[in-house]
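> Here's my sequence, what's the structure:
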Amino acid sequence: MKQKQIIVFVLAAIGLLVAPLVLQSFGNAWVRIADMALLYVLLSLGLNIVVGYAGLLDLGYVAFFAIGAYMYALLASPHLTETFPAIAAMFPNGMHLPIWVVIPASAGLAALFGILLGAPTLRLRGDYLAIVTLGFGEIIRVFMNNLDQPVNITNGPKGLGQIDALSFFGLSMGKKINVLGFELASVSLYYYLFLVLVVFSVIISHRLQLSRVGRAWMAIREDEIAAKAMGINTRNLKLLAFGMGATFGGVSGAMFASFQGFISPESFTLMESIMIVAMIVLGGIGHLPGVILGAVALSSLPEVLRYVAGPLQNMTGGRLDASILRQLLIALAMIIVMLWRPRGLWPSPEHGKALPVTKP
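I've put the predicted structure just below:
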């Protein structure tokens, strides 16, 4: 059995490494779809800590995504030096801080906001917690949209552009390179970076799940009162869950800002939060393979449906808008999956089962 698992892992690793080289031959647009799928996997893994492990329904998770993205954009774009003369005097060549400063700053700020969100919601559960987190996500988006007056910090609805691409030891990921005769486009370089981050995040999530902290989170998820009665510090563990999940969101936001080169509040709407929650529910709450499957399926499906919506639009004589038709097909697919597999496409085999009783 172990030998079969090793073979499957090796084949999957080879497939993931070769994927961008194959997709490049069909155009960089397909590699970009794979990049965004990996980013959504990273976001889903972070939200899975809050929703899947600790059982805290968070509908404002996109706020941490936005905080990480704006933090990176402000520290790696000319906006602050053009707006504030004092900062321009400190950085005469422009504020282009290295990745070792920008990404920890994005992750740290998102984690801080995660704890700030968690603190006032410790006594809330279920629908009430969902409403508060939803409001938090919308407040952050509105702040980003309006922080251009009286002091221009976020540039408001115009967004932030000219964001630096990531660079490692002088290698800029914004330019294509040649490796052993293969030409790797910028989107392919980002693919490998996102893949490394996803693998690292999966290892962290798996180790967390098996740790004492992970088991305590699951105890809170199943029955918070019983967990508290058993001596589990539910307050600290809930704050830790919010902070850990927000850290993943902050790093994802920083990657998104670097990859896009431009961000605006429109990228961080409530619909994004709902889609990330849907990815976890559709794949299988609390089960890492299911979460990854759900994220890849829901992030890729809208792009694949472009090739279905076009012909259907032509069949109706152009009376149906292609974008609306795509959303309709996505919703239909989700309803069918949830009716067919109510626990998700790949649910955890242990979730909801009692421990085996051993006879004396």
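> tell me the domain boundaries of the chain?
The record assigns the chain these domain ranges, following automatic domain parsing: 6-268, 270-348.
> among those domains, which gets the worst mean confidence?
Lowest mean pLDDT within the domains of the chain: domain 270-348, a mean of 83.
> Would you mind measuring the gap between the ends of that one?
Looking at domain 270-348, the gap from its leading to its trailing residue is 28 Å under the measure CA to CA, to the nearest Å.
> now the strands for the chain?
Using DSSP state E, the strands of the chain run over 167-168, 171-172, 177-179, 182-184.
> just the helices in the stretch 101-250 of the chain please.
Here the stretch 101-250 of the chain has its helices, by DSSP state H, counting those that start in this stretch, at 126-146, 186-210, 212-222, 224-229, 234-260.
> Return the most buried member of these.
The highest mean neighbour count among these, using mean count of other CB atoms under 10 Å, belongs to helix 234-260: a mean of 24. To be clear about C-beta, it is placed using only N, CA and C from the backbone, and glycine gets the same treatment.
> Tell me the helices and strands packed up against it.
helix 28-48, helix 62-75, helix 99-118, helix 186-210, helix 212-222, helix 224-229 (3 or more CB pairs under 8 Å, 6 or more residues apart in numbering; DSSP states H and E).
> need those helices in JSON lines with distance to G290, can you?
Conversion of these to JSON lines gives the following (distance: least, CB to CB, whole Å):
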{"stretch": "helix 28-48", "distance to G290": "9"}
{"stretch": "helix 62-75", "distance to G290": "21"}
{"stretch": "helix 99-118", "distance to G290": "24"}
{"stretch": "helix 186-210", "distance to G290": "12"}
{"stretch": "helix 212-222", "distance to G290": "15"}
{"stretch": "helix 224-229", "distance to G290": "24"}
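> which one of the ones you listed lies closest to G156?
Nearest of those to G156, taken as CB to CB: helix 62-75 at 11.9 Å.
> how far out from the middle of the chain is the closest one?
Using CA atoms, centre = their mean, to the nearest Å, we find the averaged C-alpha position of helix 62-75 to lie 12 Å away from the chain's own average C-alpha position.
> same thing with stretch 284-299?
Per CA atoms, centre = their mean, the centroid offset for stretch 284-299 relative to its chain is 12 Å.
> any idea which residue sits dead centre in this structure?
Of all residues in the chain, the one closest to the mean position by CA atoms, centre = their mean is L43, 1.6 Å from it.
> Would you mind measuring from the residue nearest to that one when sequence neighbours are not counted to E272?
Leaving out its chain neighbours, the residue that sits closest to L43 by CB to CB, 6 or more residues apart in numbering is S252, at 4.9 Å. For S252, the distance to E272 (CB to CB, to the nearest Å) stands at 11 Å.
> what's the answer for I225, then?
For I225, the distance to E272 equals 33 Å [CB to CB].
> Same check on A216?
As defined by CB to CB, A216 lies at a distance of 30 Å from E272.
> swap in A66?
A66 sits 9 Å away from E272, going by CB to CB.
> neighbour-wise, which of these two wins?
Taking other CB atoms under 10 Å, A66 and E272 do not tie; A66 has more neighbours (28 against 19).
> burial measure for the nearest residue to the more buried one once chain neighbours are set aside, as a count.
The spatially closest residue to A66, leaving aside those adjacent along the chain, is F268, at 3.9 Å (CB to CB, 6+ apart). Other residues near F268 come to 26 when the count uses other CB under 10 Å.
> go on, G161?
Residue neighbour count, defined by other CB under 10 Å, stands at 15 for G161.
> Quick check: phi and psi on the residue lying closest to it once chain neighbours are set aside?
Nearest in space to G161, with sequence neighbours left out and distances taken as CB to CB, 6+ apart, is F262 at 4.5 Å. Backbone torsions for F262, taken as degrees, to the nearest 10, come to phi -160, psi 140.
> and F262, what does it touch?
With contacts defined as CB atoms under 8 Å, 6 or more residues apart in numbering, the neighbours of F262 are G159, L160, G161, I163.
> Please report how far the third one lies from S300.
If you measure G161 against S300 using CB to CB, the figure is 27 Å.
> Repeat that for the last one.
Using CB to CB, we find I163 at a distance of 25 Å from S300.
> between the two, which one's more packed in?
Relative neighbour count places I163 above the other of I163 and S300, with 23 against 16, counting by other CB under 10 Å.
> Test my guess that that one contacts G261.
Yes: the criterion here is CB atoms under 8 Å, and I163 meets it with G261 at 5.0 Å.
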